[in-house]
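Novice: fold the following, please.
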Amino acid sequence: MNKKGARGPEKKAFGEYSKHHQIRIKKQLKEDGQVILTFLGLYNFMATKVEVFNTDTEQYDTSNLIDEDQLPRSATATNELTDSQVDDMNYWIYIKDKFNTSNEAWRELAMKSKSIPNTYQTSQRVNELKKQWNMKRTLGDAEGVQISFKESLEEQIARLQSEGDLEEDVIRVKISGDGTCIAKRLKLVNFTFTILNEKEAAMSEKGNYVLAILETTESYDTLKESLSDLTAELTKLRDEIEAYESLPEEEKEKIRPILYSMDRFSLSLKGYHERLTKWKRPFPEPNGWRAVQGL
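Specialist: Purely as a prediction, here's the structure:
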């Protein structure tokens, strides 16, 4: 029996324990608090933190039970953002990725500045961006991802139509590749296409639409293997144009030079030069299909 009449040794005051032991006690209190407060879920509430008062030190102590980015929020939370806010969000995501900022560090920054989105908002926006493209792994040994050129081009054409920015019948597309040294041992190769009809936008970052990103050197054999899906897709587009029998003969004569340019695209990888491909192909319009001609 101890002095207070209870069994076992008399418990120390919290301040008398070592720092390491105090951390263990707080961790146990946090786990017990989470278990005790689970009933709140019956009413769609969730305990996020527990604040206790230490009678020995006469100070309050707060334990966070769940991180902010772990809170279950409405899936439409970021859908209400304006276009300007979405652009700002994309910019912050770019900064976070560019400097490889951890979620822990980003959380601290967001707490200090209201203009910086929190980790939950950035992760939700990243998930939304991923849903916009049907990304898949590139072939070969090199690490990389790619999207469909056809799907991406049709998406951009539909956007230009809806915005009223497509004034010409000929869609001019520039396919290019560029190697970038991110770090001492990290080299990336980006393949993009540009719609020259966008004029000023085509000369800025917004006018470059990514087709594939590879973690590799600018080796012809590696690029040929990794981009085989892309070149196969271009070949298929060529065949689709060639099979477009409803076009008048004079229109077919305009397309044939473009088929030759597409054939040369895969060969141009060896010299790693930019290719300027100009052609027309069938693409959807509100009132049906419009013929796509080549020059």
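Novice: got a pLDDT number for the residue nearest to Lys26 when sequence neighbours are not counted?
Specialist: Nearest non-adjacent residue to Lys26, counting by Cβ to Cβ, 6 or more residues apart in numbering: Ser63, 6.4 Å away. All C-beta atoms are positioned from the backbone trio N, CA, C, and that covers glycine. For Ser63, the model assigns a pLDDT of 77.
Novice: confirm that Ser63 sits in a strand.
Specialist: Yes. Counting by DSSP: H, G, I helix; E, B strand; the rest coil, Ser63 is located in a strand.
Novice: what's near enough to touch it?
Specialist: By Cβ atoms under 8 Å, 6 or more residues apart in numbering, the contact set of Ser63 is 26, 29-30, 33, 49-52.
Novice: show me the contacts for the spatially closest residue to Lys136 that is not a sequence neighbour.
Specialist: Nearest non-adjacent residue to Lys136, counting by Cβ to Cβ, 6+ apart: Gln146, 6.3 Å away. Under the criterion of Cβ under 8 Å, 6+ apart, the neighbours of Gln146 are 135-138, 211-213, 227, 229-230.
Novice: with those in mind, which one is nearest to Asp97?
Specialist: Nearest to Asp97 among those, counting by Cβ to Cβ, is Ile213 at 12.4 Å.
Novice: touching the helix or strand hosting that closest one from outside, list them.
Specialist: Element membership of Ile213 [criterion: DSSP states H and E] is strand 208-215. Here strand 208-215 makes contact (Cβ under 8 Å, 6+ apart) with 138, 142-147, 149, 152, 156, 175, 186-195, 222-223, 226-227, 230.
Novice: out of those residues, which sit inside strands?
Specialist: Under the assignment DSSP state E, the contacts of strand 208-215 contribute 143-146, 175, 186-195 to strands.
Novice: any of those residues buried? List them.
Specialist: 144, 146, 175, 188-189, 191-195 (16 or more other Cβ atoms under 10 Å).
Novice: got a markdown table for these, with distance to Ser204 and pLDDT too?
Specialist: Formatted as a markdown table, those follow (distance: Cβ to Cβ, whole Å; pLDDT from 0 to 100):
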| residue | distance to Ser204 | pLDDT |
| --- | --- | --- |
| Gly144 | 25 | 92 |
| Gln146 | 23 | 94 |
| Ile175 | 18 | 87 |
| Leu188 | 20 | 88 |
| Val189 | 21 | 90 |
| Phe191 | 18 | 90 |
| Thr192 | 12 | 90 |
| Phe193 | 14 | 91 |
| Thr194 | 10 | 90 |
| Ile195 | 12 | 89 |
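Novice: closest to Asn100 out of those?
Specialist: Using Cβ to Cβ, these come closest to Asn100 at Leu188, 14.2 Å.
Novice: does the closest residue to that closest one other than its chain neighbours count as helix, strand or coil?
Specialist: Once flanking residues are discounted, Leu188 sits nearest to Thr180: 5.0 Å by Cβ to Cβ, 6+ apart. Following three-state DSSP, the label given to Thr180 is strand.
Novice: against Arg137, how distant is Thr180?
Specialist: 20 Å (Cβ to Cβ, to the nearest Å).
Novice: mind listing which of the contacts of Ser63 are in strands?
Specialist: Using DSSP E, those in strands are 49-52.
Novice: now, which of these sits nearest Leu234?
Specialist: Nearest to Leu234 among the ones in strands among the contacts of Ser63, counting by Cβ to Cβ, is Lys49 at 55.9 Å.
Novice: the closest one: how many residues sit nearby?
Specialist: Residues near Lys49, counting by other Cβ atoms under 10 Å, number 11.
Novice: check contacts around it.
Specialist: Counting by Cβ under 8 Å, 6+ apart, Lys49 makes contact with 62-65.
Novice: thinking Gly177 is in contact with Asn190, fair?
Specialist: Yes. Counting by Cβ atoms under 8 Å, Asn190 is a contact partner of Gly177 at 6.8 Å.
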